[in-house]
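Enquirer: need a 3D model of the following:
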Amino acid sequence: MKPNDVILHSVTKVAVFIILTFSIYLFFGGHHNPGGGFIGGLSVASGLVLLYLTFDIETVRRNIPVDFKKVAAIGVLIAIFTGASSLLFDKPFLNQAFGYFNLPIFGKTELATAVLFDVGVALAVIGTAVTIILSISEDG
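Expert: Numbers count the residues shown, from 1 in each chain. As a prediction, this is how the structure comes out:
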C-alpha cells in the first residue's frame, strides 16, 4: 500500500519555490552584498535535494532530466574561461570589467563580468553537491 503524502508533497512544492526564489536573490545580490555564485548554487542544490527526499529519485529525474556531472563540468569551464579571458586583454587572471548601461525595462543597470564567473561557480556547486548527494543515496 502506497503512503498518502499529499501534505508533504504540497508543502515541499511551496518550500522549493521559496528556496529557489531566495537562491536567485542571493546569487544576484552577491556582487555588492554577501552571497554570489557559491551560496546561490548551494541553496539551489538544497532545493533539489529536498525534491529528491520528498519524491522518489526516478520521479525527479523524469521531471528534471539533467546530468549533474555535466552541469558541474560546464560550470568549471565557464569559471576558468571567464578568469582566463582577462589574459586576452593583458590583464591579471580573474580581472573584471564593468559598466553602466541603459536597459529598456531596468533602466540604468551595472553589468559586470564577475556575474559570468559567478554563473560558473553556481553551476559547479549545484552539479557537485547534487552528484554527491545522489551518489551517497545510491550506496545505501
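Enquirer: and the residue nearest to the spatial centre of the chain, what element?
Expert: Centroid-nearest residue in the chain, with Cα atoms, centre = their mean: Gly41, separated by 3.4 Å. Using DSSP states H and E, Gly41 sits in helix 37-54.
Enquirer: contacts for that helix, please.
Expert: Defining contact as Cβ atoms under 8 Å, 6 or more residues apart in numbering, one finds that helix 37-54 is touched by 5, 8-9, 12, 15-16, 19-20, 22-24, 26-28, 30, 60, 64, 75, 117-126, 129-130, 133-134, 137. C-beta coordinates here come from the backbone N, C-alpha and C atoms, glycine included.
Enquirer: quick check on those: which are buried?
Expert: By neighbour count, with 16 or more other Cβ atoms under 10 Å, these hold 12, 16, 19, 23, 26-27, 30, 60, 75, 117-126, 129-130, 133-134 as buried.
Enquirer: ignoring the adjacent residues along the chain, who's closest to Gly30?
Expert: Closest residue to Gly30 apart from its sequence neighbours, by Cβ to Cβ, 6 or more residues apart in numbering: Gly36 at 2.6 Å.
Enquirer: where is the longest helix in this protein?
Expert: Ranked by residue count and defined by DSSP state H, the top helix of the chain is helix 114-139.
Enquirer: where does the protein have low pLDDT?
Expert: Scanning the chain for pLDDT under 70 picks out 1-2, 139-140.
Enquirer: could you rerun that using 90?
Expert: By pLDDT under 90, the weakly predicted segments of the chain are 1-6, 28-37, 55-59, 83-99, 101-116, 137-140.
Enquirer: I am finished for the moment; much appreciated.
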